[in-house]
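Student: Just need the structure, nothing else, for what follows:
(2 chains)
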Amino acid sequence: DTAVSQTPKYLVTQMGNDKSIKCEQNLGHDTMYWYKQDSKKFLKIMFSYNNKELIINETVPNRFSPKSPDKAHLNLHINSLELGDSAVYFCASSSGTLSSYEQYFGPGTRLTVT
Amino acid sequence: RKEVEQDPGPFNVPEGATVAFNCTYSNSASQSFFWYRQDCRKEPKLLMSVYSSGNEDGRFTAQLNRASQYISLLIRDSKLSDSATYLCVVSSSNTGKLIFGQGTTLQVKP
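Tutor: Predicted structure coming up:
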């Protein structure tokens, strides 16, 4: 009964490839997020969707494209992968967009680009 | 200047010790404040929200000083299981955007 799940857990790929990471939440939440945690452990928001609508789009290369087919799913597609994309990507969800709402994180996808 | 700054540590303390972590934030319009905990190679999890009046949850006490833009977390009677990275988190909008500090690593030793 995992609340926020991500697939795959590990992803090793070569530069230039295109890959996708999937996220699903079964909490009935309206808002979902993608975060990137780099090698220095900084966790930074990339995107968020509320009821399938994009509401946060940080300064992220346009090689990264999120897609929310429904409010329980938020996928992340990355084109032309670069070495600097190596990081842990976390999906999260919350009841809504109010800043006071707790965000629940998925287990992360560890992406390694070689 | 980073939006949220923490001393990365590591803090190495014996079991039973009291340890305090501090955090400063740069945006005076920040509205919500949290401490999250992240175990090694795991996802962050909410430890507690932080309120101006201060709040306590068992061995954990969080304080917020809006005037100084300063947040603290006090852990009393440290347990081995408290070993983790503690992330100071601030939100200044109603879009759900959270700004994370770098985290402070705590290692509690027997």
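
Student: Report how many residues lie close to residue 25.
Tutor: Using chain A here. 23 (other CB atoms under 10 Å in any protein chain shown). Placement of C-beta: from N, CA and C, glycine included.

Student: meant chain B, my bad for not saying
Tutor: 23.

Student: Just grab the bridge partners of A:F90 for me.
Tutor: Legend: beta-bridge partners of A:F90 under DSSP bridges are A:Y35.

Student: Relative to A:F47, how far out is it?
Tutor: As for A:F90, its distance to A:F47 is 12 Å (criterion: CB to CB, to the nearest Å).

Student: Neighbour count: those two, which is higher?
Tutor: Remark: of A:F90 and A:F47, A:F90 carries more neighbours, 26 against 21, as counted by other CB under 10 Å.

Student: In contact with the more buried one, which residues?
Tutor: A:6, A:34-37, A:43, A:105-106, A:108-109, B:43-44 (CB atoms under 8 Å, 6 or more residues apart in numbering or on different chains).

Student: where does chain A come near chain B, residue by residue?
Tutor: A:31, A:33, A:40-45, A:48, A:50, A:55-56, A:90, A:94, A:96-103, A:105-108 (CB under 8 Å from any CB of the partner chain).

Student: on that earlier part again, which residues do A:F90 and A:F47 both contact?
Tutor: A:W34.

Student: Can I get the contacts of A:F90 in TSV including secondary structure, distance to A:N62 and pLDDT?
Tutor: Shown next, in TSV, are the contacts of A:F90 (DSSP: H, G, I helix; E, B strand; the rest coil; distance: CB to CB, whole Å; pLDDT from 0 to 100):
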residue	secondary structure	distance to A:N62	pLDDT
A:Q6	strand	22	97
A:W34	strand	14	96
A:Y35	strand	18	96
A:K36	strand	15	96
A:Q37	strand	21	96
A:L43	strand	22	94
A:F105	strand	25	97
A:G106	coil	24	97
A:G108	coil	23	97
A:T109	strand	20	98
B:E43	coil	27	96
B:P44	strand	27	97
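
Student: what about dumping the CA coordinates of stretch A:43-55 to PDB?
Tutor: What follows is stretch A:43-55, C-alpha atoms only, in PDB (Å, rounded to 0.1, in the frame of the first residue of the first chain):
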ATOM      1  CA  LEU A  43      16.900  19.100  -3.000                       C
ATOM      2  CA  LYS A  44      15.400  21.500  -5.500                       C
ATOM      3  CA  ILE A  45      11.900  21.600  -7.000                       C
ATOM      4  CA  MET A  46      11.600  21.200 -10.700                       C
ATOM      5  CA  PHE A  47       7.900  21.100 -11.500                       C
ATOM      6  CA  SER A  48       4.500  20.800  -9.900                       C
ATOM      7  CA  TYR A  49       1.100  20.000 -11.100                       C
ATOM      8  CA  ASN A  50      -2.300  20.700  -9.500                       C
ATOM      9  CA  ASN A  51      -5.200  18.700 -10.900                       C
ATOM     10  CA  LYS A  52      -3.100  18.000 -14.100                       C
ATOM     11  CA  GLU A  53      -2.300  21.700 -14.500                       C
ATOM     12  CA  LEU A  54       1.300  22.900 -14.500                       C
ATOM     13  CA  ILE A  55       1.800  25.400 -11.700                       C
END
